[in-house]
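Visitor: the following comprises the amino acid sequence and a computationally predicted model.
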Amino acid sequence: MITEPDTEQKSGRASYADGPRLLADIGATHARFTLETAPGVFRQTAVLRCDDYDGIVPLLNAYLGEQKGERITHAAFAMANPVSGDLVRMTNRDWQFSTDEVRRTMGWSTLVIVNDFTALAMALPGLQAGDVLQVGGGKAQPHAVAGVLGAGTGLGVSGVIPTADGFVTLGSEGGHVAFAPSDEREFAILQTAWREWPHVSNERILSGPGMELIYRALAERNGVQAPVRTAAEIVACALDERDALCLEVLECFAGMLGGAAANLALTLGAFGGIFIGGGIVPRIAQWFAGSPFRARFEAKGRFTEYLAEIPTYVIMTPNPALRGVSTILSEHLRGRSGANTLMERVQHLQHELSPAEQRVASLVLEHPRKVLSEPIAEIARLADVSQPTVIRFCRSLGFQGLAEFKLKFAGSLTGSIPVRHSQVRMSDSTHDLSAKVIDNTVSAILKFRDALDVHAIDRAIALLRNAGKVEFYAMGNARVVALDGQHKFFRFRIPTTAHGDAHLFQLAAELLKPNDVVIAISTAGQAPELLAAVDAARRVGASVIAITSSKSALAKKADVCLAVDHAEDSTTFLSMISRILQLLLIDIMAVGISLGAQAEQDGDIEARKLLISHLDV
């Protein structure tokens, strides 16, 4: 264990009432730990070699074993790998673990894990002039996007975006974009890399192992018999011994890093600056300031002047990612009860609950992920209570019901609810493909929610409440949605039929009467049979609700269009997410009809039969 000087940004700050917070920056080679005793006050900072431990828990125990008598309640780690969901797999080390299991094993209330460059990006707004070395011209614009990248065991990339409420960081894996050579020498390096990997990313070149690859490639290209050297030895030979080959390696490395930094600046519009971190460049910062980096950064043809205005910096302050992860943890813990998370609120209020509600609280504390994923019936079974008891437990904590509790609880466990679109690959494990399919669907649902035309839904519900009959017209994949709608609407005592045979659409439409409603469902909204049936329905006075693309021919013919504009190539792939969004619209209309039925028949036993699971009773 290597100890480092304690740092304190400002003196006189009050210590955290619930004890010090454990912060860590865990890379493939080293893990840096510190205890934050008050905002910005770091104590007992130490560096451990990951090779000395066979997993995350032994590593944590080794550090905490030296901190006698310190009780940890909250912890946050920055890790050199993608972070999504509970299971963490390190990219450049054979470690994997469950976040929740580690939290329970260590006896903590909170454990937040983020990507290391997400943490580094969050540190950028707090950096002062003395924390960085500017390389090249340009002046940072206030309240502008900034980018960060850094080479070490791998290549990390991220950015930070200012908002009215603070800053948003990018959970990027930009280090894995394809490497693009700019001249014959770099092409020779790429050819050497191709012998080892079919896909050569920037990380394969712009990293410690990449520097060693550049060394081998240039030795071969120059016809030089060079001894095997590590990245650290290459740097030492270049700067201390002025070895010609090693100096060429550094110059080539700096130039290619400049090209990658320029690509990031152009992609983000990073007029707040590009910051270079990682384990390599800050150690050679003085040489780097005069390297080919900045010239290559600005060498973008028509965009040379654009890039000349963007400053570039080397981050010189020690352990900057710890500052960022401190900020992320503080934001995470900010809530209704000061620094207390929802998990802590459950613990503190547990003794005030009824015995049955205490059983729900125990389930929440012991199996939080299961509570998030299971429906109310399963939660009640696991806690050995009734479903109304689960609802009373949620209301005792100040929530309207289980749905609101789960939403807040998810944020309390993870700091945010990560939603992104990720392409499923042939090599994905079952766990990865499951997570990606769910994430992709959730991402589409949230975008759909934000773009929803509630006025169109109001009009559709009004038509359905007064409908004498409802007929669903759908073909192909949409027939499943039509059958679901028929099943739900029939329960509301509305005569309902679903037609899936295109030859019957127009015949059925011609038999409709005024006050009847057609719900036509189609992803593309272009089928001639469906369009002809809609025209026939309109001629006899029936109303048409279309669930389709807002730009389609079907949308233009309908009285009400409930737009589903999620793009899927249904000619090549089986449409999946569009169908789920269409089903959601059916559910929304069903709930709206049910609310109307309850209002009209308040107190009637029959009205109770119309209530569905979204309604809180």
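Guide: Everything's here; your move.

Visitor: give the contact list for Gln387.
Guide: Shown in contact with Gln387 (Cβ atoms under 8 Å, 6 or more residues apart in numbering): 376-377, 380. For glycine as for every other residue, the C-beta is placed from the backbone atoms N, C-alpha and C.

Visitor: where in the protein is pLDDT low?
Guide: In the prediction, the chain carries residues with pLDDT under 70 at positions 1-14, 84, 164-166, 334-341, 411-429, 431-432, 435, 450, 567-575, 596-617.

Visitor: let's see which of the contacts of Gln387 end up in strands.
Guide: When DSSP state E defines the strands, the subset of the contacts of Gln387 inside them is empty.

Visitor: just the ones of those in helices?
Guide: Counting by DSSP state H, the members of the contacts of Gln387 that fall within helices are 376-377, 380.

Visitor: circling back: which one (most neighbours) among the contacts of Gln387?
Guide: Neighbour counts for these (other Cβ atoms under 10 Å) peak at Ala380, which has 21 neighbours.

Visitor: distance check, the residue nearest to it when sequence neighbours are not counted against Asp100.
Guide: The spatially closest residue to Ala380, leaving aside those adjacent along the chain, is Gln387, at 4.7 Å (Cβ to Cβ, 6 or more residues apart in numbering). With the distance defined as Cβ to Cβ, to the nearest Å, Gln387 ends up 25 Å from Asp100.

Visitor: doesn't Phe393 belong to a helix?
Guide: Yes. Using DSSP: H, G, I helix; E, B strand; the rest coil, the secondary structure at Phe393 is a helix.

Visitor: pretty sure it contacts Glu357?
Guide: Yes. Under the criterion of Cβ atoms under 8 Å, Phe393 lies in contact with Glu357, with a separation of 4.4 Å.

Visitor: who's more crowded, those two?
Guide: Set side by side, Phe393 and Glu357 show more neighbours around Phe393, with 27 against 22, by other Cβ under 10 Å.

Visitor: from Leu407, how far out is that one?
Guide: Per Cβ to Cβ, Phe393 is found 15 Å from Leu407.

Visitor: Gly210 now?
Guide: Applying Cβ to Cβ, the value for Gly210 to Leu407 is 43 Å.

Visitor: same drill for those two, tell me which one is more crowded.
Guide: Taking other Cβ under 10 Å, Gly210 and Leu407 do not tie; Gly210 has more neighbours (25 against 13).

Visitor: next, give phi and psi for that one.
Guide: The phi/psi pair for Gly210 (degrees, to the nearest 10) reads phi -70, psi -40.

Visitor: ok, now which ones touch it?
Guide: By Cβ under 8 Å, 6+ apart, the residues touching Gly210 are 151, 155, 203-204, 253.

Visitor: from memory Val114 sits against Ala78, does it?
Guide: Yes. Checked against Cβ under 8 Å, the pair Val114 and Ala78 is within contact range at 5.7 Å.

Visitor: joint contacts of these two?
Guide: Val325.

Visitor: what are the boundaries of the strands in the stretch 151-300 of the chain?
Guide: In the stretch 151-300 of the chain, strands defined by DSSP state E, counting those that start in this stretch lie at 155-163, 166-169, 274-278, listed in chain order.

Visitor: how many residues are close by Arg493?
Guide: Burial measure for Arg493: 11 neighbouring residues, criterion other Cβ under 10 Å.

Visitor: could you measure from it over to Ala467?
Guide: Applying Cβ to Cβ, the value for Arg493 to Ala467 is 11 Å.

Visitor: now swap in Pro388 and tell me
Guide: The separation that Pro388 has from Ala467, given Cβ to Cβ, amounts to 34 Å.

Visitor: who's more crowded, those two?
Guide: Regarding Pro388 and Ala467, a neighbour count based on other Cβ under 10 Å identifies Ala467 as having more, with 23 against 12.

Visitor: so what's the more buried one closest to, chain neighbours aside?
Guide: Using Cβ to Cβ, 6+ apart, the nearest residue to Ala467 is Val517, at 4.3 Å.

Visitor: you'd agree that neighbour is up against Ala546?
Guide: No. Val517 is not in contact with Ala546 according to Cβ under 8 Å; the separation is 11.4 Å.

Visitor: between these two, who's got more neighbours?
Guide: Neighbour totals were compared for Val517 and Ala546, and Ala546 leads with 30 against 26 (other Cβ under 10 Å).

Visitor: where does the more buried one sit: helix, strand or coil?
Guide: strand.

Visitor: contact partners of the helix or strand harbouring Leu363?
Guide: Leu363 is part of helix 355-366, with elements assigned from DSSP states H and E. Under the criterion Cβ under 8 Å, 6+ apart, residues 104, 343, 346-347, 349-351, 353, 370-371, 379, 382-386, 389-390, 392-393, 396, 409 lie in contact with helix 355-366.

Visitor: if we can go back for a sec, distance of the residue nearest to Ala380 from Glu378?
Guide: Taken as Cβ to Cβ, the span from Gln387 to Glu378 is 10 Å.
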